[in-house]
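Trainee: how would this look folded up:
(chains A, B, C and D, ligands or ions: 2)
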Amino acid sequence: MKFAVVVFPGSNCDHDAYHAVKHVLGQDAAFVWHKETSLAGADVVILPGGFAHGDYLRTGAIARFSPIMQEVRRFADAGGPVLGICNGFQVLLEAGLLPGAMLRNRSVKFQCEHVFIRVEQTDTPFTSACRQGQVLRIPIAHGEGNYYAEPDVVERLERNRQVIFRYTTAAGEVTPEANPNGSVHNIAGLCNEARNVVGLMPHPERACELAIGSADGLAILESAVRSVSQGAFPAAGAGAKAVAAAR
Amino acid sequence: MRARVFVTLKPSVFDPQGTTVADALHTLGYAAVRDVRQGKYFELDIDAPTSDEARRIAGEAADKLLANPVIESYRIEIDTTAEAVAR
Amino acid sequence: MRARVFVTLKPSVFDPQGTTVADALHTLGYAAVRDVRQGKYFELDIDAPTSDEARRIAGEAADKLLANPVIESYRIEIDTTAEAVAR
Amino acid sequence: MKTIPDDLIQQHGLTRNEYEHILEMLGREPTVTELGIFSVMWSEHCSYKSSRVHLRTLPTSGRRVLQGPGENAGAVDIGEGLAAVFKIESHNHPSFIEPYQGAATGVGGIIRDIFTMGARPIALLNSLRFGPLDDPLVRRTFAGVVAGIAGYGNSIGIPTVGGEIAFDESYTGNPLVNVFCLGIAKADEIVKGVASGVGNAVYYVGAKTGRDGIHGATMASAEFDEKSAEKRPAVQVGDPFMEKLLLEACLEVMRSGALVGIQDMGAAGLTCSTCEMGSRGGAGIAIDVSLVPQRETGMTPYEIMLSESQERMLLVVKRGREAEVERIFDKWDLHAVRIGEVTTDGRLRVTHHGEVVADIPNTALTDEAPVYRRPMAEPAYLAEAQRLSLAALGAPPPVREVFRRLLASASVASKRWVYRQYDHMVRTNTLVVPGMGAGVVRVKGTARALAMSVDGNGRFVYLDPFLGAELAVAEAARNVACTGAQPIGATNCLNFGSPERPEIMWQFARAVEGMGAACRALEVPITGGNVSLYNETDGRAVLPTPVVGVVGLLEDASTVVRRAFRADGDAIVLLGRGGDELGGSEYLKVFHGLIRGTPPVLDLALEAALQRLLVRGVAAGLIRSAHDCAEGGLAVTVAECCFNTSLGASVDVPAVAAAVPEFGQIATLFGEAASRVVVSVEADRAAELVALAKAEAVPAAVVGRVGGDRIRVAIDGELAIDESLADAEDLWANAIGRWFDRPRAVA
Ligand SMILES: Nc1ncnc2c1ncn2[C@@H]1O[C@H](COP(=O)(O)OP(=O)(O)O)[C@@H](O)[C@H]1O
Ligand SMILES: [Mg+2]
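Mentor: Ligands and ions are numbered 1, 2, ... in the order given. Prediction:
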């Protein structure tokens, strides 16, 4: 199975995502430069963390115009699994592939630390190997992870079960103290209506080996492998083919 | 010609930076400052024959790039007197 | 009363953000935008009897907190019509 | 005819003699551009004219040293064909003027030094000094510096894995911001800053040149005084995004093999990079500055040569490979511009629209720059400051109060408020995160890991520069050894006052001697470093602060050990021995406002044995946690071993013989005797560890066990401290944050 890791100028977790997929999960992985116009036949697309274009102006604001984003959109529209991590999540928001926007952290500071997130839904390609309600210990590293959307949008997200991860205590309780950045409804990650595009602020690729503090993030990447290989998301594998066919 | 673009968070959106600035001003003793909102300010030097044209270009730039309509709104002013200075 | 404070980098100071925004606009086809400078914009709602008093307070806030005098300069406008809106 | 007026020479920081020397070397009067070039190259910052004679005495070679001082950074062999490339640098003065940008550009500068060597930077550390936090201006500087380090390092994606911070009044008007960076290169692919090969093209790449920091290099060497506000040059603004592109593009160009040499334009910008590269390669360089990309109009050759705009690199490219190099930079949206070529004549020749504006032998600017053996004199304060009379202090405060206040003192307290702002996990190599001891990163593709620590105690150096510097080396190496890593190399940043004052020069010289002695004894050669002089405000110098960075190699990354206790019931073993060592201590400073006495004695043979023991004990799987006794002494160290674990501890230690009996408890609990480490070991293996220690001739004793929810420290069986873990941890963990994260004022 092949993962494409998109590299924007300023991406800096691209190698981390690649390492996790290739060396920890043992899957095929390839970097795709943002100026390219093909996802090289990937089954899963990862938009990695970092500071695309320096995060100047707004996080993800300039990256959304990269040529590869048209292809990512086509891939997503065809049902292919897309994971945006941190800056990648911000790019997905700016590109309109996910609803809402990011504000500065409530603390107005960059924060790097381990947090707990609860898996709210397991019917996405990135949570299918998780248990509903499972609490994962995963690091965050961001200055702008304070997720915001208009109240009616948030309500719709909740109604459609699009909130995929929420910041909680170790015991899985949603409390204000467990929320590191002030995001609405403690949202840490969400999916689109079709459920194949997922964005989250925490870094699962940084939590794939116990030696570096946690292996809880593996469940998220393993979900993608399981979903695609089991055909649980038929659109996914087919997505790449559909895109290829359409060209 | 110079276009000034002001980008501000919509009133309904919480502004962590503005709130922090307001808190700091209160700590410094400026109780009279009731509220602070922080936004962005851009100066665009535009080669345009008319101020309408400059406004149109600045407007497109703001729509596409400078502001995120989910959380922000913007306002444009055109300064016809400003010389576009090469920097 | 509302004070608007515009904080901009001094002309000689390098503005990587503005440069990056300008590059992005060029990539999007806006060649007419010759240069972009990015600054900060603050709206201060101030309880002050006169606009002079509001200006004085905003000036102090800018000196002490909003602007970094080493690299930035600022400009203040007072809008006497703006109602201080509680948000 | 004389066209250069005396005051212009003076403004350029050149003495009469230096100027005469220039006339002699050129055989004519310099042009104004040349005057500027000499002024920056002969400044203290670039020429090391006051420090050079002393630095020469440092040990710089060793079995593993691949690159000693002289290049952009040093390098040591870490096995499997790889090298660790590292260096530390200061950005003190710029960080005082503009804390955020000053610190940010300091980070940017040291990163460039590392990747110009062909190494991929994988870790950052920083060593910071500020005035006391109760001063609001200090808080602003502190917050700005931390945000600047975070802003740059986080964006470029290099984790900050450790550091140290201390506070003292002497740093109020002159903070210290020292940044360390480490990278990994293939040992046989280290790139150098040389220009050679006549006709090879000289390329400029990166940010455009503006009028930033002109005279920055001379500023860094001039004392702050009332007038410095007027002299303030435009501050350099860092662009981490540009540097990220440069980093990736340069590494790609290096892999292509099309490169001869490369150097970043740091202090003294284009001037320094051209003449240093030429001089190292025994070649000349001719450039046309009108080809240099410029951010502002009307820039003069003088300004272009002296600009310190950030994120710029100078490259010499093999003939015939130019298009290839340009293509790589293009891919990264960077523009490589050919501005000149390598020549045979060993001269730096600068033209501007065809007119020659400078023509100087490279060596006149580098090797033949002035060297001074400045006068030295033992400082007048010293004899008095070394006299510590505990009896004169009256009755000692209650031990519990001392314990609690030391835990919350800014120099001892947790620095989480700081390092939480640093991305310390990016690149997924960080095995030991900040706050858990020396930073440790694994080396992907091998089983190895590298540990690194920066340390230095200005109080100790103030009280005895030789011993203080020895202690700095010992502490940094010990911190590294505590993780199980073998110390293999060191770098240093020497932060002192004005070398023109004999007592400062004396401090400096003695500190360098002490550093050399310790590096020899502990077998950690110095592979590079940085000197920052003129750290003074209104004629008052900062505490003399040599900061030492030590790098260690851990053969088996999986054995790595951290500061914190691991399991209930483990035995606590104290390695090393205590003593009546209150001189220069945190206790004296916090409770009596004193920097007095003599620093702890250091037995380098014992220190070396202790470090060997740590490495062996960790490799054997005996040592489960290890933490060095530093500021605050034994009691604070034991407490720190408990923090972040929810495990308490009970220990019972023998009293030290105190000169003044009333201070016996204080000296035992809070004395800062060197070469001591608190380790934990599975209870049934404690004897094994003690035996191993005996074999290394290191004093070792089981002093207690891990467990419970209290921190209990007894002296000779008598309970002296009995504090709830949660309370103690709160004091320690939140002390710094409390200065900043105040409860919101209600409007
Ligand atoms: N400026 C900083 N940046 C990152 N980490 C820091 C900084 N200052 C302190 N730390 C971390 O806090 C811990 C304690 O530092 P320090 O008190 O110097 O330890 P020690 O006494 O063992 O030398 C270390 O793990 C160190 O890496
Ligand atoms: Mg230390």
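
Trainee: only C-alpha atoms from now on, for both contacts and neighbour counts.
Mentor: Noted.

Trainee: residues near D:P397, how many?
Mentor: If you count neighbours by other C-alpha atoms under 10 Å in any protein chain shown, D:P397 ends up with 11.

Trainee: what kind of secondary structure is it in?
Mentor: The assignment at D:P397 comes out as coil when based on DSSP: H, G, I helix; E, B strand; the rest coil.

Trainee: excluding chain neighbours, what is closest to D:G151?
Mentor: Spatial nearest neighbour of D:G151, chain neighbours left out: D:A104 (6.8 Å); criterion: C-alpha to C-alpha, 6 or more residues apart in numbering or on different chains.

Trainee: what is the burial count for that neighbour?
Mentor: D:A104 has 30 neighbours, counted by other C-alpha under 10 Å.

Trainee: just how off-centre is the strand or helix carrying it within its chain?
Mentor: In this assignment (DSSP states H and E), D:A104 forms part of helix D:99-115. Relative to its chain's centre, helix D:99-115 lies at 12 Å (C-alpha atoms, centre = their mean, to the nearest Å).

Trainee: so what secondary structure elements neighbour the following helix or strand past it?
Mentor: Downstream of helix D:99-115, the next assigned helix or strand under DSSP H and E is strand D:120-130. If contacts are counted by 3 or more C-alpha pairs under 8 Å, 6 or more residues apart in numbering or on different chains; DSSP states H and E, strand D:120-130 sits against helix D:99-115, helix D:136-156, strand D:160-167, strand D:176-186, strand D:449-455.

Trainee: contact partners for D:E729?
Mentor: D:F643 (C-alpha atoms under 8 Å, 6 or more residues apart in numbering or on different chains).

Trainee: which pLDDT value belongs to the closest residue to A:L25 other than its chain neighbours?
Mentor: Of all residues beyond its chain neighbours, the one nearest A:L25 is A:E222 (7.4 Å), with distances taken as C-alpha to C-alpha, 6+ apart. If you check A:E222, the pLDDT there is 97.

Trainee: mind listing what's buried in the helix or strand harbouring A:E222?
Mentor: For A:E222, the host element (DSSP H and E) is helix A:218-230. Buried residues in helix A:218-230, counted by 16 or more other C-alpha atoms under 10 Å in any protein chain shown: A:218-228.

Trainee: out of the residues you listed, which is nearest to chain B?
Mentor: A:I220 (28.4 Å; C-alpha to the nearest C-alpha).

Trainee: you'd agree the closest one is up against A:V135?
Mentor: No. Using C-alpha atoms under 8 Å, A:I220 is not in contact with A:V135, being 12.0 Å away.

Trainee: in chain B, which residue sits closest to chain A?
Mentor: B:P16 (5.4 Å).

Trainee: so where is chain A shaky, pLDDT-wise?
Mentor: Residue ranges of chain A with pLDDT under 70: A:232-247.

Trainee: in it, which residue sits closest to chain C?
Mentor: For chain A, C-alpha to the nearest C-alpha, closest residue to chain C: A:Y56, 5.3 Å.

Trainee: ok, now which ones touch that residue?
Mentor: C:17, C:20-21.

Trainee: now the helices for chain A?
Mentor: For chain A, helices defined by DSSP state H occupy the ranges A:14-19, A:67-77, A:87-94, A:151-159, A:218-230, A:234-246.

Trainee: for the stretch 251-400 of chain D, give me the ranges with low pLDDT.
Mentor: Answering for the stretch 251-400 of chain D: no residues sit below the bar, that is pLDDT under 70.

Trainee: near chain C, which residues of it are found?
Mentor: Counting by C-alpha under 8 Å from any C-alpha of the partner chain, the residues of the stretch 251-400 of chain D close to chain C are D:E296.

Trainee: which residue, other than its chain neighbours, is closest to D:S196?
Mentor: Distances taken as C-alpha to C-alpha, 6+ apart place D:G281 nearest to D:S196, at 5.3 Å, with adjacent residues excluded.

Trainee: tell me who's in contact with the one you found.
Mentor: By C-alpha under 8 Å, 6+ apart, the neighbours of D:G281 are D:194-196.

Trainee: try 10 Å this time
Mentor: D:G281 is in contact with D:192-197, D:261, D:275, D:342, D:346, counting by C-alpha atoms under 10 Å, 6 or more residues apart in numbering or on different chains.

Trainee: the residue of the stretch 101-250 of chain D at minimum distance from chain A: helix or strand, and which one exactly?
Mentor: Ranking the residues of the stretch 101-250 of chain D by distance to chain A (C-alpha to the nearest C-alpha) places D:F241 first, at 4.6 Å. Assigned by DSSP H and E, D:F241 falls within helix D:240-256.

Trainee: and the closest residue to chain B within the stretch 351-500 of chain D, what pLDDT?
Mentor: In the stretch 351-500 of chain D, the residue that lies nearest chain B is D:Q421 (16.3 Å; C-alpha to the nearest C-alpha). D:Q421 is assigned 98 on the pLDDT scale.

Trainee: from what I see, it and D:A147 are in contact.
Mentor: Yes. Using C-alpha atoms under 10 Å, D:Q421 is in contact with D:A147, at 7.3 Å.

Trainee: list the buried residues of stretch B:48-66.
Mentor: B:48, B:51, B:54-55, B:57-59, B:61-62, B:64-66.

Trainee: what is the end-to-end distance of that stretch?
Mentor: Length of stretch B:48-66, first residue to last, C-alpha to C-alpha, to the nearest Å: 19 Å.
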